[in-house]
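Colleague: A structural model of the following input is requested.
(chains A and B)
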Number of protein chains: 2
Amino acid sequence: MPKYFLMVVALVCSFASATVSAQETHTLRLAETWGPNSPILGETTKHFADMVEKMSAGRLKVRIDSSNKHKAPFGIFDLVRNGQYDLGHTASYYYKGTIPNAMYFTTVPFGMLAPEQYAWFYYGGGMELMQKVYEPYGLLSFPGGNTGNQMGGWFNKEINSLEDLKGLKMRTPGFAGEVMSELGVAVTNLPPGELYTALERGTIDALEWVAPALDFPMGFHQIAKYYYSGWQEPGAEVQFLVNQKTWEKLPADLQEILRVAMRTAAYDMYAKSTNDSSDAWDRMKEDYPNVTHKVFPPEVIDALRETTHRLLQQEAEKDPLAKEIITSIQDYLAKVRKWTNISDKAYLNSVSGD
Amino acid sequence: MPKYFLMVVALVCSFASATVSAQETHTLRLAETWGPNSPILGETTKHFADMVEKMSAGRLKVRIDSSNKHKAPFGIFDLVRNGQYDLGHTASYYYKGTIPNAMYFTTVPFGMLAPEQYAWFYYGGGMELMQKVYEPYGLLSFPGGNTGNQMGGWFNKEINSLEDLKGLKMRTPGFAGEVMSELGVAVTNLPPGELYTALERGTIDALEWVAPALDFPMGFHQIAKYYYSGWQEPGAEVQFLVNQKTWEKLPADLQEILRVAMRTAAYDMYAKSTNDSSDAWDRMKEDYPNVTHKVFPPEVIDALRETTHRLLQQEAEKDPLAKEIITSIQDYLAKVRKWTNISDKAYLNSVSGD
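Modeller: Residues are numbered from 1 along each chain as shown, chains lettered A, B, ... in the order given. I've put the predicted structure just below:
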C-alpha cells in the first residue's frame, strides 16, 4: 500500500511540477525615454504592460521605469543592449549616432503616412530590414506607436519664400534640422523646458515639436501666430526594444503575448494620437482663435524635398545596408502613395472643404 | 506514515487539479461570411485564430467555418446569437434588416477614414454605442478589420453631371444604393458571379465592388474604362461577433487573449488591405494602361452628400438610439476631420502631385 501511494505521489508530483514550470512568473523591466505620466507615450507602455499581465494571467509582468528613474532618456538602446533592462520604449532615430541606419525606422521626411508605413513594416519588408539593423546588437525592435503626422512647427514669421528661411532661428532637431540648416536656417537645439520662453522672448523665431496633442501642454499656441503643416515626420513611429536573451528565455506562448501586446499597443497609440490631436487642435482654435494654420509654399517644399533626397542619397552611397533600406522605403512609398492618392487623398479633396 | 502520504497526495492533487482546470482547453467555432481562402478577409480570421492558439499555448482554439460550410453568409448574426457558433466574422451593415442601427458600425457615406474611425471606436465612444446595439441580442461586437477607402466603382460612361446618373444601370448595394437611387440611378443587385459578364455585355453601365485588392481578382479593370474614387465607404470595418454566454464561460486571461487578438487582427487587416490595394492598383495600371482614374464632379458629390444627410436625418428622427449614434459620428467627424485636414490632407496636397 505505501508503495502504491509513493508511485501516485511521484506521478502527481511530476505532473504538477511540469505545470508549475509552465506557470513560472517572469517580471521584465522596461526603460522608457519618457518622463513619468507622459501623455500618449507613457500611456502606451502602461497599456502594453496591462495587456501582457492580463493575457498571461499574471505569469508575465512588466515593470516600467520612466526617465526620472534610469536617468538615460536617450540611452535606452544601451540599457537594453547591456541587459540592464529587458525592454525599452524609445524612438529608433535617437540612436543614429551609434547606428546611422536606425534613423529610417521612425519616419523619413517626405516619407510615408502611418497607415502606409505599417503596411511597409508588416507586409512590405520593413520588419526584416529593421531586424537586420538591430540583430548585431542582440536586440529585437518592434513598432511602438505612432504620433500621427507631425506639424511643421510654430512660427512668428510667415514663410512665403526660401528667402524667409535664411537666418531664421528655429529649434528643429535631427535629420529635419540638417535639411533646414542646408537651406540657411539657424538651427538651435534647446532643452524642452526653455522652448516656451525662448519663443515668447524672440530668442528663437520658430520651433517644431510634435502635433497638437503633445504641443498643447507646451502652450506654444498662446504665443505663436502660425501653425504650419509638416513635411519632416509624416508618421513618427516609436519603438519597443527587446533584449534577445530575455526573449529567448521566455516560453513560446509568452513570446507571442509580448509580440501581440506590443503590436496592439503601437496601433492603439496611433488611434489615441489621432483622438487627442483632434481634441487639442479644437481647443487651441477655441481658446486662441487667432492661431492661423499655414502650409509652406511650393518653392519651400520643393527645396526641402530636393535637399532631403540629396542627403538620403549621400547616406545610401556610404553603406550598402543604408542603400537597401532607403531603396525599400522609396520604392514602397512610390507604389503605396499612388493608392493613397486615388483613395484617401481624392476623398479628402472631393468630399470636404478645408 | 500512510496518513502522512494521504495528506500529501490530497494536497498535491488539489493543487494539480486547480492548475489542470486553469489549463482546460476550449475550442470555439467561428462562422465567417466569406468563402474558403478568401483574400484579406479570410486571412484575417486565420491570423486571428493563429494568434489566439499561440498566446494561449493551445488552451484556446478557434475552428473556422467558411460560407461553403454553414451556407449562411449573411446569417452570421443569427448563427452566433443562437449559439450555433461562438464567434462570427462578418459586417455589421449586413444586418440592418434585423437591427437598423447595426448599419453605422461598418462605415457611413461621407464618413470617417479608417484611422479616424478607429479613434472614434476606441477613444470617442464608438465601442460603447456599438455595444448598446448588440447587447440586447446577447452579443459582443468588435472591429474586425478595415478594407481601407473603397472606390466609387467601375464605369464605362463618364459622369460629368447629375444628368449622367439618370437611368444609369449600376450595381451598388446597401445604403449607397439607396442614395444613388434617389438621384435617378437604376440600381440593380446581381450576384457577384454575374457582374463581370453583365458589365462586359452592357447589361449594367457601372458597378461598385471594394478597392483594388479585391477588385483585381474580379477582373473589372479588363473591361471598364473609368475607376472612380469613392464617397460611400471611406473606411469599411468588418466585425467580430462573440456570443456573450461563450464569453462569460471563459477565464479572464482567455477573454483578454481573444479581445487583443481581435483588435490586432483588425488593425492588421487594414495594413494588409493598404499593401494589397497598392500592389493591385500598380498591376492594373501596368497590365491595362488605359484604365483611367476619375473623381466625381462637385455637382455630383454635393447631391450625394445632401441625399446622404437627408436619409440619415430621417433615420435619426425614427429612433432615439439612431439619433444618438448618428450625432456621435457627425460630431466626432467634424472635429477629427479638422485635424486630418491640417495634417494628412495638407501633407498629401503639398508634398506630392497626383
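
Colleague: C-alpha only now, for contacts and for neighbours.
Modeller: Noted.

Colleague: domains in chain A, as residue ranges please.
Modeller: Domain assignment for chain A, taken from automatic domain parsing, gives A:25-146+A:234-287+A:320-354, A:150-232+A:289-318.

Colleague: so how far is stretch A:74-81 from its chain's centroid?
Modeller: Distance of stretch A:74-81 from the chain centroid (C-alpha atoms, centre = their mean, to the nearest Å) equals 16 Å.

Colleague: where exactly do the strands run in the stretch 51-200 of chain A?
Modeller: A:60-65, A:87-90, A:139-146, A:153-155, A:169-171, A:186-188 (DSSP state E, counting those that start in this stretch).

Colleague: returning to what we had before: chain B is nearest to which of the domains of chain A?
Modeller: domain A:25-146+A:234-287+A:320-354 (4.6 Å; C-alpha to the nearest C-alpha).

Colleague: Now render the domains of chain A as JSON lines, adding mean neighbour count.
Modeller: Listed next are the domains of chain A as JSON lines, based on neighbours: other C-alpha atoms under 10 Å in any protein chain shown:
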{"stretch": "domain A:25-146+A:234-287+A:320-354", "mean neighbour count": "21"}
{"stretch": "domain A:150-232+A:289-318", "mean neighbour count": "18"}
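
Colleague: Dump those to CSV, plus mean pLDDT.
Modeller: As requested, these are arranged in CSV below (pLDDT from 0 to 100):
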stretch, mean pLDDT
domain A:25-146+A:234-287+A:320-354, 97
domain A:150-232+A:289-318, 96
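
Colleague: With distance to chain B added, can I get the ones you listed in TSV?
Modeller: Shown next, in TSV, are the domains of chain A (distance: least, C-alpha to the nearest C-alpha, whole Å):
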stretch	distance to chain B
domain A:25-146+A:234-287+A:320-354	5
domain A:150-232+A:289-318	6
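
Colleague: Put together JSON lines for the ones you listed, with distance to B:Lys318 on each row.
Modeller: Shown next, in JSON lines, are the domains of chain A (distance: least, C-alpha to C-alpha, whole Å):
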{"stretch": "domain A:25-146+A:234-287+A:320-354", "distance to B:Lys318": "27"}
{"stretch": "domain A:150-232+A:289-318", "distance to B:Lys318": "37"}
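
Colleague: Turn the strands of the stretch 51-200 of chain A into a markdown table, including distance to B:Tyr227.
Modeller: A markdown table is the format used below for those (distance: least, C-alpha to C-alpha, whole Å):
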| stretch | distance to B:Tyr227 |
| --- | --- |
| strand A:60-65 | 50 |
| strand A:87-90 | 42 |
| strand A:139-146 | 32 |
| strand A:153-155 | 37 |
| strand A:169-171 | 45 |
| strand A:186-188 | 46 |
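
Colleague: Between the ones you listed, which one is closest to B:Gln313.
Modeller: strand A:139-146 (35.6 Å; C-alpha to C-alpha).

Colleague: Who are the packing partners of that closest one?
Modeller: On a contact count with 3 or more C-alpha pairs under 8 Å, 6 or more residues apart in numbering or on different chains; DSSP states H and E, strand A:139-146 meets helix A:126-134, strand A:237-243, helix A:252-287.

Colleague: Summarise which helices and strands the last one is packed against.
Modeller: The elements that helix A:252-287 packs onto, with contact taken as 3+ C-alpha pairs under 8 Å, 6+ apart, are helix A:41-55, strand A:139-146, helix A:212-215, helix B:41-55, helix B:114-123, helix B:252-287, helix B:320-340.

Colleague: Could you say which one of these comes nearest to A:Ser181?
Modeller: helix A:212-215 (23.0 Å).

Colleague: and after the closest one, which helix or strand comes next?
Modeller: Next helix or strand after helix A:212-215 toward the C-terminus (DSSP states H and E): strand A:226-228.

Colleague: for that next one, the distance to its chain's centre please.
Modeller: Distance, centroid of strand A:226-228 to centroid of chain: 22 Å (C-alpha atoms, centre = their mean).
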